[in-house]
Each structure stands twice: as structure tokens, then as C-alpha cells.
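1. Predicted model and sequence follow; I will ask about them next.
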Amino acid sequence: MTYCIGIKSKDGLVFASDSRTNAGLDNVNIYSKMLTYDVGDRTIIIVTSGNLGTSQAVFKSIQKDLKGNKNNMNLNTCKDFDQIASYVGSLNVKHSSPQGINTDNVLLGATFIVGGQIKGQPMELLLIYPQGNFIKPADSKPFLVIGEIKYGKPILDRVITPETKIGDASRCALISMDSTLRSDLTVGPPIDFAVYKKDENKIASIKCLNITDPEYTEVCKKWSETIHKVFDTFPRFDWE
């Protein structure tokens, strides 16, 4: 399984994804689940959860299309992010359901979060389902999560709002990921972590973080210490 995050803050976008895949306790591997495209007038970041074979085939097709006929549909020829989402969704269906969608082969599908910005257009963040359709996040909660969401989503629910700044969103994403890593053995490092600042038309930061990296450990350690301090301030029960 996996855990992926996409956050749309007031001044940028934040993406994080783990790298663990497993087909049982004796078959654990590491694969990146993030694809970035930062060329010309557009910056596009994609993370994925679900069937590994399908997601890898989609990423491979995206890269192949970029090298092929420039008149064909690809990340460069899409006029906006709705068209990008439709394009990725069609590849998802193609590789998971070559005989057409049904109950069995949809289980082989993958889910994608895609976001970024095309110059002169607003920033976008979208969730693409295995069936190929897509949605945008709610205005009140401008983030998307896929995969093993139950451990990391609560911190996002409490912290992320439309007014959240990109630095706070980045720290929140790392804490959300750390909470998941601590509670779910199917999610593991390294963590692909990307930040895009509004209207800069390039990725501000992209890193592959291990749990021993100072940038990661400092935030998570501070979070853990602060929780313990707050916990100690709670009122006592009358029976203690």
C-alpha cells in the first residue's frame, strides 16, 4: 500500500509520497510513486496509489508520449489541468482495463493526485479515480490524500485551511506522513517531497527524504515533544 498527499495552500502546492510496496511480508520493495514535469510554461506533479503495475505503465506512457509525435496528446499539448486529468485518467483506464471496465479489472486500477500550474492559469489540484474521472478538493479543505489515509488525514483536517501558508503546509505534510509511517507497516521511506510556489513556473524544492534526514527528523521530533507537553497540561480526573 502507500500514502500520498497533495495540499493546495494560498501560495503554493505541496506533495509527499512514500516509496514502499509489498506483496506480503517477504516481498517488500521500494518504488518512487511521484512523477514531476517542469518544462516550459508548465509545472506538473503527479503521485499515485494502487496497483503498482498500472501506475508504472501510466507513468511510462506519459514519458513515451512526451518523446513521441508532438501533435499527439501529452502533458505539453494539454491546454489546462482538466485536460491533463482527463489524459492521465484515460491512460489509467487503458492500462488497468484493456478489455473495458468491469468489477474485476477496476481492482487493478490506480488512483492519482495531479497538480501544478500552467503559466497564466491558476494553480490546480485534482484527484483521478481508477475509472478515469476526477474531482477537485473542497474549498474548505484544500488537500487530497490517497492510499492508507486513516492515520495521517486527522492532522490535515485540523491544520490545513484555505489560508494555510506553504511552509506550514509542508511541515503538516511531513507530520502527516510520519504519523502514517509509525502506525502502518505497509507505508515506508524514503519519502518523495516536492514543493511548488505559486506563479514561479518551476519546482521550488524536490527531495527524497529518509527518516534520518535532519529536515524530516527535526519537524517530527518537535511535533512529538510538543504533544507530550500539551498532554501533561490536561486536567486530572477526580479519581486519580
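-> Nice, I can see it. Numbers count the residues shown, from 1 in each chain.
2. From here on, just use CA atoms for contacts and neighbour counts.
-> OK.
3. Next SSE downstream of the worst-scoring helix or strand of the chain on mean pLDDT?
-> When the helices and strands of the chain are scored by mean pLDDT, DSSP states H and E, helix 103-106 comes last with a mean of 53. For helix 103-106, the succeeding helix or strand toward the C-terminus, using DSSP states H and E, is strand 110-118.
4. How far does that next one sit from its chain's centre?
-> The chain centre lies 8 Å from the centre of strand 110-118; the measure is CA atoms, centre = their mean, to the nearest Å.
5. list the helices and strands it packs on?
-> Contacts defined by 3 or more CA pairs under 8 Å, 6 or more residues apart in numbering; DSSP states H and E place strand 110-118 against strand 3-9, strand 42-50, helix 52-67, helix 81-96, strand 124-128, strand 143-147.
6. Kindly spell out which helices and strands sit in contact with the fourth one.
-> Looking back up the chat, that one is helix 81-96. Using 3+ CA pairs under 8 Å, 6+ apart: helix 81-96 touches helix 52-67, strand 110-118, strand 124-128, strand 134-135.
7. Quickly run through the sheet partners of the last one, with directions.
-> So the one you mean is strand 134-135. Using DSSP bridges, strand 134-135 pairs in its sheet with strand 124-128 (antiparallel).
8. right, and the helices and strands packed on helix 81-96 - which one's nearest Tyr216?
-> strand 110-118 (22.4 Å; CA to CA).
9. now the angle between strand 143-147 and the closest one, please.
-> 150 degrees (axes from the mean of the first three to the mean of the last three CA atoms, to 10 degrees).
10. about what we covered before: between the helices and strands packed on helix 81-96, which one is nearest to Gly40?
-> Gly40 lies closest to strand 110-118 among the helices and strands packed on helix 81-96, at 9.1 Å (CA to CA).
11. can I get the CA coordinates of the closest one in CSV?
-> C-alpha atoms of strand 110-118 as CSV (Å, rounded to 0.1, in the frame of the first residue of the first chain):
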residue,chain,number,x,y,z
ALA,A,110,-4.6,3.1,-9.6
THR,A,111,-5.6,6.5,-8.1
PHE,A,112,-3.6,9.7,-8.9
ILE,A,113,-3.2,13.1,-7.5
VAL,A,114,-2.1,15.6,-10.1
GLY,A,115,-1.4,19.3,-9.6
GLY,A,116,0.7,22.2,-10.6
GLN,A,117,0.3,25.3,-12.8
ILE,A,118,0.3,26.4,-16.4
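12. What count of nearby residues applies to Thr186?
-> 20 (other CA atoms under 10 Å).
13. Do I have it right that it meets Thr21?
-> Yes - at 7.1 Å, Thr186 counts as touching Thr21 under the criterion of CA atoms under 8 Å.
14. what residues are shared contacts of these two?
-> Counting by CA atoms under 8 Å, 6 or more residues apart in numbering, the shared contacts of Thr186 and Thr21 are 1-2.
15. Select, out of the helices and strands packed on strand 110-118, the one closest to Gly115.
-> strand 124-128 (4.2 Å).
16. State the mean pLDDT of that closest one.
-> Mean per-residue pLDDT for strand 124-128: 98.
17. can you give me how far it is from the chain middle?
-> 10 Å.
18. quick one: it to helix 81-96, angle?
-> 20 degrees.
19. Lys207: helix or strand, and which one exactly?
-> Per DSSP H and E: strand 203-209 holds Lys207.
20. ok and that strand relative to strand 110-118, angle-wise?
-> Relative orientation of strand 203-209 versus strand 110-118 (the same axes, to 10 degrees): 150 degrees.
21. list the buried ones in strand 203-209?
-> 203, 208-209 (16 or more other CA atoms under 10 Å).
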